[in-house]
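Undergrad: Sharing a model that was predicted from the sequence below.
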Amino acid sequence: MHSLTPDTLKQVKDLSRPAAVFAIALVPKSGWAYFGCQDFKVYEANFAAAKFAPRELYAHASYVTGVAAIETGVVSGGYDGKLVWWDSDEESVVRTVDAHAKWIRKVIPSPDGKLVASIADDMVCKLWDAATGRLVRELRGHKEKTPNNFVSMLYAVGFSADGKYLATGDKVGHVVVWEVGTGKELAACEAPVMYTWDPVQRMHSIGGVRSVAFSPDGKQLAVGGMGKVGNIDHLEGKSRVEVFDWRTGKQVAEFPGDKFSGLVNRLAYAPDGSWLLGAGGAGEGFLQFYDVATKKVLRQEKLPMHVHDFALSTDGTTITSVGHNRIVIHKLG
């Protein structure tokens, strides 16, 4: 039996935090990680150590919603619209950039570590030189307003494994795939079921594409969110994942959710592509493993908190989930 099959999943750590953790980034080939929190601060910690002792590095002026580990340290983004570069050798903030006009939703590094991508509610994805902080390119392909003329949001971003492509997803279920080297828009996929509009009771909408992930071979794109919502004041819609052949925009698989409610906030494929992992939640959280080829759910695991993000180790053996006042670590194999 393959050592990384979901049936080998076991929880190894459950760590409490005084504030919600919104984003995490692992430092490759080490036990260290950076994470950003509701208390406006960025921390580092060694999860391999016997004692969990996070160290505060610096603070934003609002929630920290994205962290990207780079060669020299970490880049973080928050609801203050700023990107901040921390240098681990100098032990200090070396650069602060007014990056976006509205809330930053996510910050991620390219696979080779040379670029950092940021997305925000100004509906722009920006690519930055990780070493210098220079703005390399802006990607504009998402509308600022929903079809009902309300403000939209840009929630999701992800690179392909080879770094050639990047996908972005917004509130109304529109996903764009870009060519990183040129900034050219290559294709679009639509997941409208992930967007709910209430024109009667609240004149309000909820949902959206909250996560994207390319398959290891780059041919398919997984998109996560939740299904239609009856009461838009609550995250009561079932978790939902759709998988596309992104070049054609054709859906090749869907997982409408049968056990857990809430948003799929993060997606990642196994290194060999044998499964797709999604995590998120509503009041409580979940991990869900999917087999895209057979269109079957392999395993569904309840977590003690709404999961905002997780980090999958390079070898696929460790899943570090972060969320409301908790950090939970699972092992495979």
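TA: Alright, I've got the coordinates.
Undergrad: so where's the stretch 1-150 of the chain uncertain?
TA: By pLDDT under 70, the low-scoring segments of the stretch 1-150 of the chain are 1-3.
Undergrad: Can you show me the strands along it?
TA: Listed in chain order, the strands found in the stretch 1-150 of the chain under DSSP state E, counting those that start in this stretch are 10-16, 21-26, 32-37, 41-46, 55-59, 64-70, 73-78, 82-87, 92-98, 104-109, 115-120, 124-129, 135-140.
Undergrad: Count the neighbours of Ile108 for me.
TA: 22 (other C-beta atoms under 10 Å). Yep, even glycine has a C-beta here, placed from its N, CA and C like the rest.
Undergrad: Test my guess that it contacts Phe159.
TA: Yes - when contacts are counted by C-beta atoms under 8 Å, Ile108 is listed as touching Phe159 (6.9 Å).
Undergrad: hmm, back to that, so which of the strands of the stretch 1-150 of the chain is nearest Lys164?
TA: strand 115-120 (11.7 Å; C-beta to C-beta).
Undergrad: Packing partners of the closest one?
TA: Here strand 115-120 touches strand 64-70, strand 73-78, strand 104-109, strand 124-129, strand 154-159, going by 3 or more C-beta pairs under 8 Å, 6 or more residues apart in numbering; DSSP states H and E.
Undergrad: Any chance of TSV for those, columns distance to Val94?
TA: As requested, those are arranged in TSV below (distance: least, C-beta to C-beta, whole Å):
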stretch	distance to Val94
strand 64-70	12
strand 73-78	8
strand 104-109	16
strand 124-129	14
strand 154-159	24
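Undergrad: Go through the ones you listed and pick out the most buried.
TA: strand 73-78 (a mean of 28; mean count of other C-beta atoms under 10 Å).
Undergrad: what residues does it touch?
TA: For strand 73-78, contacts defined as C-beta atoms under 8 Å, 6 or more residues apart in numbering pick out 23, 25, 34, 36, 40, 42, 44, 57, 60-68, 83-89, 99-100, 103-104, 106-107, 109, 116, 118, 120, 128, 130.
Undergrad: Just the buried residues of those residues.
TA: 23, 25, 34, 36, 40, 42, 44, 57, 60, 63-68, 83-86, 88, 99-100, 103-104, 106-107, 109, 116, 118, 120, 128, 130 (16 or more other C-beta atoms under 10 Å).
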